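# here's my sequence, what's the structure:
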Amino acid sequence: MAPTENLEGPESLAFLIPVKSFNAAKARLADVLNDGERQRLAIALAEGVVTSLEGRDVAVVCDDPTVASWAEGHALRVLWEPGQGLNPAVRAGVDALRSQGFTHVCVVHADLAFPANLRTIEVGGGVLCVPDRRGEGTNVLRLPSDVAFEFSYGPGSFSRHCAEAERLGLELSIVAPSPLGIDVDVADDLELAEVQTRLWGPEGPHSTSSR
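Numbers count the residues shown, from 1 in each chain. Down below sits the predicted model:
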């Protein structure tokens, strides 16, 4: 698998993790996981991402008090952006980090199954993009913090983000395939042994019949 880009340069990179309410997370898994399991999975995945970035500058953008408290408990920056929706919240988060002196920001989804390669990402020219394994979503997006990049998360975001980099005349680096392209959104993703271990422990799945 192609490694993530790792360029030398001054340390002025911050990682921005948008995190929605844990209670509302993973709605597309409602047919196979009960409410408690979906919440535990969302927290476990987010903690995996945060752990992989230990020692780096990390901020969480959110609009949920429980998420904010969770982030503070991990000694992360909290950027409070209530009621904006994902794309405006990410834009506000990037702007806030730029105002704090970061020249680059890497936006990272909170549900990556294998986030270890995040620690290899450094400051680099242009835009670095890691699509999901289906080539549809955008799991990782690093960019200069001072460009008027229009974020467009949602179905098909990868192609739109690539087009936006081209519109702005920014060099685009695509890292695929990559472990960072594996996120957890739908039932098929639960077949990953790593995900099952985080959710249920090493003994495997429990019955959800009590839902």
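# quick one: residue 48 from residue 157, how far?
22 Å (C-beta to C-beta, to the nearest Å). (Each C-beta comes from the backbone N, C-alpha and C, glycine too.)
# surely residue 183 and residue 109 touch.
Yes: with contact defined as C-beta atoms under 8 Å, residue 183 reaches residue 109; the gap is 5.7 Å.
# so what sits against both of the two?
137, 139 (C-beta atoms under 8 Å, 6 or more residues apart in numbering).
# more neighbours, these two?
residue 109 (24 against 21; other C-beta atoms under 10 Å).
# quick one: the more buried one from residue 20, how far?
Taken as C-beta to C-beta, the span from residue 109 to residue 20 is 11 Å.
# go on, residue 105?
Taken as C-beta to C-beta, the span from residue 105 to residue 20 is 19 Å.
# those two - which one has more neighbours?
residue 105 (27 against 17).
# shouldn't the more buried one be within a strand?
Yes: if the criterion is DSSP: H, G, I helix; E, B strand; the rest coil, then residue 105 is within a strand.
# residue 94 is in contact with that one, correct?
Yes: counting by C-beta under 8 Å, residue 105 touches residue 94, with 4.8 Å between them.
# what is in contact with those two at once?
With C-beta under 8 Å, 6+ apart as the test, residue 105 and residue 94 both reach 16, 143, 145.
# redo these as CSV? Include distance to residue 87.
Shown next, in CSV, are the shared contacts of residue 105 and residue 94 (distance: C-beta to C-beta, whole Å):
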residue, distance to residue 87
16, 13
143, 14
145, 16
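# for the protein, what helix or strand is lowest in average pLDDT?
helix 193-200 (a mean of 70; mean pLDDT, DSSP states H and E).
# please name the nearest non-neighbouring residue to the residue nearest to the spatial centre of the chain.
Nearest to the mean C-alpha position of the chain, by C-alpha atoms, centre = their mean, lies residue 109 at 1.3 Å. In space, and not counting its chain neighbours, residue 109 is closest to residue 139: 5.0 Å by C-beta to C-beta, 6 or more residues apart in numbering.
# check contacts around the one you found.
Here residue 139 is in contact with 108, 109, 112, 130, 131, 132, 180, 181, 183 (criterion: C-beta under 8 Å, 6+ apart).
# how near is it to residue 131?
Applying C-beta to C-beta to residue 139 and residue 131 gives a distance of 7 Å.
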